[in-house]
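K.L.:
Test case, fold it:
(one chain, ligands or ions: 1)
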Amino acid sequence: MIGLLRSLQRTVAPRPLEPSRIRVGDEVLEVVFRRHAQARRLVLRLNSTGTGVLVTVPKGVSRGRALDFTERSRSWIEERVRSRGGLIHLTPGHILPLRGIAHEIRHVESRRGLVTVDPVRGLIHVPGEPEHVKRRLLDFLRAAAREDLAKASERYATLMGVRYRRITIRDQRSRWGSCSANGDLSYSWRLILAPDYVLDYVAAHEVAHLRHLDHSPRFWRLLLTHCAGAAKAKNWLRAHGQEVHRIVT
Ligand SMILES: [Zn+2]
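P.N.:
Residues are numbered from 1 along each chain as shown. As a prediction, this is how the structure comes out:
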């Protein structure tokens, strides 16, 4: 009987803990609690985009104690949010990096027309109904990302003597790009926010995987032969990669 109870306890997953919220400046961050059987103590960190708090909760520790712990970690959270910088909304007045250069979002009072970029004054003009600015701007950014990434992929495929099947643009948080064994490339649209040489490097990296599906010396040799900006781009991604995730979609 005890054995049966024990096995029942093992198979029944613990109830998820209700999330909470914490206000930091003018932002409200969601606090997500995750039970972890192996955890020894409460551990708190920001999520990968810095837009929420993750708390690992050991077995037997109540939500109340986890909440307490979150409140006591407030100054740490505030510090991290400050160094991350504010969130950027795709609405008029916000400053958006486009190909690594700051552009202010402006709404244009006209029903029709395309999103246009004024690189000299650093402006992005978005026509249409005000409530559609975010949607239209996001569509524009995704299309621009697709165009730049397709061009770069095509160029590197020719240089490296390989072919790809299809390009997909996604909003992957954990990776900038990927290459499947059957030759499909996929990229994050957020690469359009980074400087040109970063997008270029990610395309070169994924296209090089069409020849070597690993990170072997042969892979790096092929990549570095054709992509002069690789080291600079890797440094940028390490130092600033998270910044492009500040844009809220
Ligand atoms: Zn890789």
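K.L.:
max-length helix in this structure?
P.N.:
Longest helix of the chain, by residue count under DSSP state H: helix 133-160.
K.L.:
Buried ones in that one, by neighbour count?
P.N.:
Under the neighbour-count criterion of 16 or more other Cβ atoms under 10 Å, helix 133-160 has 133-134, 136-137, 140-142, 144-146, 148-150, 152-153, 156-157, 160 buried. Every C-beta, even on glycine, is put in place using the N, C-alpha and C of the backbone.
K.L.:
ditto for stretch 51-60
P.N.:
By 16+ other Cβ under 10 Å, the buried positions in stretch 51-60 come out as T51, G52, V53, V55, T56, V57, P58.
K.L.:
With stretch 62-75 instead?
P.N.:
By neighbour count on 16+ other Cβ under 10 Å, the buried set for stretch 62-75 is R63, A66, L67, F69, T70, S73.
K.L.:
So which of the residues you listed belong to helices?
P.N.:
Judged by DSSP H, the buried residues of stretch 62-75 include R63, A66, L67, F69, T70 as members of helices.
K.L.:
so the fourth one sits right up against L44, yeah?
P.N.:
Yes: in terms of Cβ atoms under 8 Å, F69 counts as a neighbour of L44; the distance is 6.7 Å.
K.L.:
where do the contact lists of the two overlap?
P.N.:
Shared contacts of F69 and L44 (Cβ atoms under 8 Å, 6 or more residues apart in numbering): V55.
K.L.:
name the helices or strands packed onto the longest helix of the chain?
P.N.:
Secondary-structure packing of helix 133-160 (3 or more Cβ pairs under 8 Å, 6 or more residues apart in numbering; DSSP states H and E): strand 101-107, strand 123-126, strand 166-170, strand 184-188, helix 196-208, helix 217-226.
K.L.:
closest one to S83 among those?
P.N.:
Of all those, it is strand 101-107 that lies closest to S83, at 19.1 Å by Cβ to Cβ.
K.L.:
what residue lies at the spatial centre of this protein?
P.N.:
The C-alpha lying nearest the average C-alpha coordinate of the chain belongs to R173 (Cα atoms, centre = their mean; 3.5 Å).
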